[in-house]
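[1] Need coordinates for the below:
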Amino acid sequence: MSGRPREFDDAAVIDAAMDVFWTNGYEGTSAQALVECTGLGRGSLYNAFGSKLNLYHEALERYQTLGLQQQVDILNGNGPVKDRLRTLMQWGIDDDLDPEKQRGCMSLFAAFERGAKDERVRQISQAYFIRFEQVLVHLIAVGQHNGELSTERSPVIVARTFLASYYGLRALGRTVCDRAFLEGIMEGILAQL
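    The predicted structure is shown next:
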């Protein structure tokens, strides 16, 4: 015997929850805030997702799926490799300095907030970073092959160094709201490639 069909769209609920978790983090999001943003009662939310933590995991995976697609679209675009990397960093700076949202990168802050104590967040984050790194390694190899980038280091090392720099830039974007400062760092990162 099957249960009653759900009267709501899981994806829409996860998107709404993602928005609240992205703004407030896991600890800063109350059950009441989730009820208000999703339009569901607590019973329906817990019946569907089991717990606030399970819903957070679903929301983080959704954020990373959407974010990775945007990043891949930028990196697989047209033009010189350095221009694509600049576009990616500029996209991050613009997002971090958005005066209306002021919430930065959910992946980064999930790792800071829960990565050390939540194995599932660690797994979700690691899977995301591996996929992101694969795209970067390919792009760096293309740049080295066409002579645009130095071949002194392997594409893997260059991609990992870029990832560390990119997320360092994103972390700074949460506290240093100075576009010229952040763009100066961006140009310094590109000059090292």
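[2] residues contacting the closest residue to Leu163 other than its chain neighbours?
    Leaving aside its chain neighbours, Leu163 sits nearest to Glu133 (6.2 Å; criterion: Cβ to Cβ, 6 or more residues apart in numbering). Every C-beta, even on glycine, is put in place using the N, C-alpha and C of the backbone. Glu133 makes contact with 156, 159-160, 163 under the criterion Cβ atoms under 8 Å, 6 or more residues apart in numbering.
[3] buried sites along the helix or strand bottoming out on mean pLDDT in the chain?
    Least confident helix or strand, the chain: helix 42-49 with a mean of 89, by mean pLDDT, DSSP states H and E. With burial defined by 16 or more other Cβ atoms under 10 Å, the residues of helix 42-49 counted as buried are 44-46, 48-49.
[4] in what helix or strand does Leu169 lie?
    Using DSSP states H and E, the element containing Leu169 is helix 155-172.
[5] most neighbours, which of the contacts of Glu133?
    Neighbour counts for the contacts of Glu133 (other Cβ atoms under 10 Å) peak at Ala159, which has 21 neighbours.
[6] Select the longest helix from this structure.
    helix 119-145 (DSSP state H).
[7] measure the nearest residue to Leu139 once chain neighbours are set aside to Val135 for me?
    The shortest distance from Leu139 to any non-neighbouring residue, by Cβ to Cβ, 6+ apart, is to Leu75 (5.3 Å). For Leu75, the distance to Val135 (Cβ to Cβ, to the nearest Å) stands at 5 Å.
[8] What of Arg120?
    24 Å.
[9] next one: Ala59
    Ala59 is 23 Å from Val135, by Cβ to Cβ.
[10] the more surrounded of these two?
    Comparing Ala59 with Val135 by other Cβ under 10 Å, the one with more neighbours is Ala59, at 26 against 16.
[11] now Thr87, nearest residue through space, not along the chain?
    That would be Ile74: by Cβ to Cβ, 6+ apart, it lies 5.2 Å from Thr87.
[12] Also Ile93?
    Leu182 (4.9 Å).
[13] and the one you found, helix, strand or coil?
    helix (DSSP: H, G, I helix; E, B strand; the rest coil).
[14] Per-residue pLDDT of it, please?
    On pLDDT, Leu182 comes in at 96.
[15] wait, it sits on Gly173?
    Yes - the pair Leu182 / Gly173 is scored as a contact, 5.8 Å apart, by Cβ atoms under 8 Å.
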